[in-house]
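Colleague: task: produce atomic coordinates for the following.
(2 chains)
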Amino acid sequence: MGSIKGIRDKVAIIGMGCTKFGEHWDKHQSDLIFEATKEAIEDAKIETKDIEAAWAGTWVSGFDGRCLADPLKLQYIPVTRVENACASGSDAFRNACYAVASGAYDLCLAVGFEKLKDSGWSGLPDQQSLPSNRYPDRTAPGMFALMATTYFSKYGLSPEEGKRMIGSVSVKSHHNGTLNPKAHLKREVTIEQVMNAPIVAWPLGLFDCCGVSDGAAAAIVVPADKAKDYRPDPVYVKALQISVCPSEGELRADYDFTQVKATVRAGEAAFAEAGITNPRDEISMAELHDCFSITEAVTCEDLRFSPRGKVKEDIESGFFDLTGGLPVQPDGGLKSFGHPIGASGVRMLYEMYLQLQGRADKRQLKDPKLGLTHNLGGIPISNTVSVLIIGL
Amino acid sequence: MAGIASYGAYIPLHRLSRPEIQKAWDSMMPIPGEKAVAGYDEDSITMAVAAARDCMTGVDPQKIDRLHFASTTSPYKEKQAASVVAGALGLNKETLTMDFAGSLRSGTNALRAAVDAVEAGSAQGVLITCAETRMGAPNGDKEMSFGDGAAALLVAKSGVAVTIEGSVSIFQEFHDQWRSDEDTFVRFWEERFARGAGYLRVVPSTVAVALQKYNLATADIAKAAIYAPDPRLLGMAAGKMGFDPMAQIQDPLYMTVGNTGSALPLMMLVAALEDAKAGDKLMCVGYGDGCDVFILTVTEEIEKIRDRRGIKRHLESKRMMPNYLKYVQWRGLMDTASPSRPPINHISVPALWRDMDWGLALHGVKCKNCGTPQYPRQRVCVICQAADNFEPYNFADKKATISSFSHDNLAASIDPPTTIAAVDFEEGGRIVCNMVDRDPQEVKTGMPVEMAFRKVHYFEGIHNYWWKCTPIRC
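Modeller: Purely as a prediction, here's the structure:
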């Protein structure tokens, strides 16, 4: 990965905003976009008219640039809608950063948003399917459960041991969520509750799954050398990487469900871009795509936070807790926020940004230097992954 | 002389005990035994495919140039079912496909047409498939007595295991039972008239004509596979014809499968063939709006086609349904709460047509550069990225095991949980698909599975078929 050029330290974030995530029965996605952007604009101490170009990340809640231009009444500037599954928000941010790094613009906006709760359905509102509908009946939990089944059997964990391992991931994230006023779920859960919860897709129970919610988050980016004109504590972009899997796991019998190659690829590229050799020691904190507890566990191995097959030891020792060596999901994660698809990536950046600026209140970590965010769009056998790193 | 070169059958895994039905309705009609019940994702087309695949064990598909589908329960009133079956079996595009419908003699009619075509030299190998999923009205005796099942026979000119010596047919315009274009359930006239003027008169008289025509006595017949609404009527008919009911009459599968309508005489014939030896004379009788009688002689070749699931192995492999409500749900007899999931997508007919090879026949491709089988069809190899360098590859009959699975309670299903499995084929390739006919408790990684052709959706009148995996049935 030594050949990665990237844009390390060329772009800075000067303002961010994030709505409360949850069941916004009384709000359209336009309201959420407006609220997140308003907070970001106020945080950056700019005006809407200062925005030169904008990117919107959404999965199913908007179609083209008008989804931002309309609610924000952006005045005839270029606006592009980006869709890259669960990495949509992160990819919108990446596009805004590249636009700034290219020299084309001096101030860009990225907004991730999603309004899922209008559908009335359980789970996500749409299935990836073929026009002929010759496609297995399968949901996100059903597909991620395959990871757990195989992880348990590969590493010799009984279902009880395996469920305890991934259950501890959820207990930790639920705890962090209680400290966050913007989280959807703010309640502690015990390992017994997690392990005895109704099964959504065996072996994953209710508390192994993140919820479905509505939300939006926004970021304003400028060239790094202009960042201090806006605020004394800008946060710098260290790495922006995306890796897309050509559906290998659908077709290849040698894919064993205990890793996600796109996470490994995007992670290694991001570490190279950011100049990181030992992520376990060098990354201060991370927001990982914990759509399911098993996903977080496997991602910790894919990103070399834990040695392959050994994440259980780190989970059990509290290494990923707020007080641990590498806190993961300090804001409570998808587990506490739910997963409004396009919003999640930018929401993760929002927590890293607050932590780096020392503004994370009860969740504040001590002197973080580098924060990593990770989105895994799709399913274990076919996916699109983003790994972003920001820091001081 | 035309004859039967191969046979096969299919009986769905699930059985419903008749006392369960009686209990559900608090009914006064104690009928013993059990009925075979097609799975929620099975119908006459999928069962015909399953029986045909059994029949095609060791058979070169190139030798089949005609396919008959016979049933009174085709999923379509207008649209051929035989073409779906032929597509799923991956038969030659030049295969002549025909549906035989309406009558309970559809199965024996299809056999007769096959024999005539082969004798006339207009067909070389005719694959006859016959399947039924008839429904008796709830809380009626036919609900208990009807069962689901299928049979398949390959009729050819040479190398046959059974020669068909000849046949006799009569027609009788008669309403002993019927189902109009507006009926879901079979209707019946009262039994005393129906049997007196119908079954007990027509079957013995037609059999008598056939015996006389071929210069045979009842004693010459080793086994007679005679359609029968129930064993009692069969016993009465056998007595009238002079057969020894115990020794000469093939079991009508009443206690184990139920009355499978037009498929019954062919299923009984398959069962008779499983026990037959060279030289045996057999009789097969279809009844409904008339009567078809066939006289058959078993040859030495029968020993070469023993390796089939047929009736016996399918009968032994069964799972009892927990209760009658399961049957109600599977057959859609009651409106139930909608799942809290998105509705089924619109089905694109151009996509169905375009995807026929991989969607119906489970044909993938094999990379000519690196040799890796892949499903579905690809343009660029997933392993070596060679472009457009593939040959067709059939996954349907390849050995496979599952490397991962989950039991999904969120997916909308008539029979939750929805089991998802990664099916890894011994000779390479993977298909991630649903697993059915499984006991969730028994699903394990490394478990051997086989592919089964099933119905996946019904949307705006289109029955949409694809493949799932099942544990190795038997």
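
Colleague: from A:Tyr105, how far off is the residue nearest to the spatial centre of chain B?
Modeller: Residue closest to the mean C-alpha point of chain B, counted by Cα atoms, centre = their mean, is B:Ala150 at 2.4 Å. As judged by Cβ to Cβ, to the nearest Å, B:Ala150 and A:Tyr105 stand 67 Å apart. Any C-beta I mention is one placed from the backbone N, CA and C, and that applies to glycine too.

Colleague: so what's B:Pro392 up against?
Modeller: Taking Cβ atoms under 8 Å, 6 or more residues apart in numbering or on different chains, we find B:Pro392 in contact with B:Asp357, B:His363, B:Gly364, B:Val365, B:Lys366.

Colleague: repeat for A:Ile341
Modeller: A:Ile341 neighbours (Cβ under 8 Å, 6+ apart): A:Thr58, A:Trp59, A:Val60, A:Ala85, A:Cys86, A:Ser88, A:Gly89, A:Glu114, A:Leu116, A:Leu124, A:Gly377.

Colleague: inside helices: which ones of these?
Modeller: Using DSSP state H, the members of the contacts of A:Ile341 that fall within helices are A:Ser88, A:Gly89.

Colleague: let me know the closest of the contacts of A:Ile341 to B:Ser167.
Modeller: Nearest to B:Ser167, judged by Cβ to Cβ, of those is A:Leu124 at 58.8 Å.

Colleague: gap between the residue nearest to the centre of chain B and B:Asp280?
Modeller: For B:Ala150 relative to B:Asp280 (Cβ to Cβ), the value is 24 Å.

Colleague: show me chain B divided up by domain.
Modeller: Domain ranges of chain B: B:3-330, B:349-471, per automatic domain parsing.

Colleague: any idea which of those domains is most buried?
Modeller: domain B:3-330 (a mean of 21; mean count of other Cβ atoms under 10 Å in any protein chain shown).

Colleague: can you give me the end-to-end distance of it?
Modeller: 38 Å (Cα to Cα, to the nearest Å).

Colleague: pretty sure B:Lys63 contacts B:Ala123?
Modeller: No. With contact defined as Cβ atoms under 8 Å, B:Lys63 does not count as touching B:Ala123 (10.6 Å).

Colleague: coming back round to it: in strands, which of the contacts of B:Pro392 appear?
Modeller: Members of those lying in strands (criterion: DSSP state E): B:His363, B:Gly364, B:Val365, B:Lys366.

Colleague: could I get these as TSV with distance to chain A and pLDDT?
Modeller: Converted to TSV, those look like this (distance: Cβ to the nearest Cβ, whole Å; pLDDT from 0 to 100):
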residue	distance to chain A	pLDDT
B:His363	13	96
B:Gly364	9	96
B:Val365	10	97
B:Lys366	12	97
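
Colleague: what two of those are the furthest from one another?
Modeller: Applying Cβ to Cβ across the ones in strands among the contacts of B:Pro392, the maximum distance is between B:His363 and B:Lys366, 10.4 Å.

Colleague: for the closest residue to B:Leu89 other than its chain neighbours, helix, strand, or coil?
Modeller: In space, and not counting its chain neighbours, B:Leu89 is closest to B:Ala52: 5.7 Å by Cβ to Cβ, 6 or more residues apart in numbering or on different chains. Assigned with DSSP: H, G, I helix; E, B strand; the rest coil, B:Ala52 falls in the helix class.

Colleague: before we move on, back to that, give me the common contacts of B:His363 and B:Lys366.
Modeller: Common contacts of B:His363 and B:Lys366 (Cβ under 8 Å, 6+ apart): B:Pro392, B:Tyr393.

Colleague: quick one, domains of chain A?
Modeller: Chain A breaks down into these domains under automatic domain parsing: A:11-118+A:214-234, A:140-209+A:238-391.

Colleague: could you export the ones you listed as a markdown table, including mean pLDDT?
Modeller: Below are the domains of chain A laid out as a markdown table (pLDDT from 0 to 100):
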| stretch | mean pLDDT |
| --- | --- |
| domain A:11-118+A:214-234 | 97 |
| domain A:140-209+A:238-391 | 97 |
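
Colleague: mind putting the ones you listed into TSV with distance to B:Glu191?
Modeller: Shown next, in TSV, are these (distance: least, Cβ to Cβ, whole Å):
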stretch	distance to B:Glu191
domain A:11-118+A:214-234	58
domain A:140-209+A:238-391	49
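
Colleague: relative to B:Leu13, which of the ones you listed is closest?
Modeller: Among the domains of chain A, domain A:140-209+A:238-391 sits nearest to B:Leu13 (Cβ to Cβ), with 21.4 Å.

Colleague: what is the distance between the closest one and the centre of its chain?
Modeller: 9 Å (Cα atoms, centre = their mean, to the nearest Å).

Colleague: give me the distance between the residue nearest to B:Val59 when sequence neighbours are not counted and chain A.
Modeller: Once flanking residues are discounted, B:Val59 sits nearest to B:Ser6: 5.3 Å by Cβ to Cβ, 6+ apart. The gap separating B:Ser6 from chain A is 29 Å, by Cβ to the nearest Cβ, to the nearest Å.

Colleague: confirm B:Ser6 sits in a strand?
Modeller: Yes. According to three-state DSSP, B:Ser6 belongs to a strand.

Colleague: near chain A, which residues of the stretch 201-350 of chain B show up?
Modeller: Neighbours of chain A within the stretch 201-350 of chain B, by Cβ under 8 Å from any Cβ of the partner chain: B:Ser340, B:Arg341, B:Pro342, B:Ile344, B:Asn345, B:Ile347, B:Ser348, B:Pro350.

Colleague: can you count the residues close to the fourth one?
Modeller: Read it as B:Ile344. 17 (other Cβ atoms under 10 Å in any protein chain shown).

Colleague: the first one too?
Modeller: Each residue near B:Ser340 was counted by other Cβ under 10 Å, and the total is 12.

Colleague: dump the residue contacts of it.
Modeller: Neighbour list for B:Ser340: A:Gly120, A:Trp121, A:Ser122 [criterion: Cβ under 8 Å, 6+ apart].

Colleague: can you give me the strands for the stretch 201-350 of chain B?
Modeller: Using DSSP state E, counting those that start in this stretch, the strands of the stretch 201-350 of chain B run over B:223-226, B:281-287, B:290-298, B:319-320.

Colleague: mind putting the ones you listed in a markdown table, mean pLDDT included?
Modeller: Compiled in a markdown table, the strands of the stretch 201-350 of chain B are given as follows (pLDDT from 0 to 100):
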| stretch | mean pLDDT |
| --- | --- |
| strand B:223-226 | 98 |
| strand B:281-287 | 98 |
| strand B:290-298 | 98 |
| strand B:319-320 | 98 |
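
Colleague: take those and write them to a markdown table, including distance to A:Leu72.
Modeller: Converted to a markdown table, the strands of the stretch 201-350 of chain B look like this (distance: least, Cβ to Cβ, whole Å):
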| stretch | distance to A:Leu72 |
| --- | --- |
| strand B:223-226 | 78 |
| strand B:281-287 | 75 |
| strand B:290-298 | 77 |
| strand B:319-320 | 59 |
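
Colleague: fine, thanks again, bye for now.
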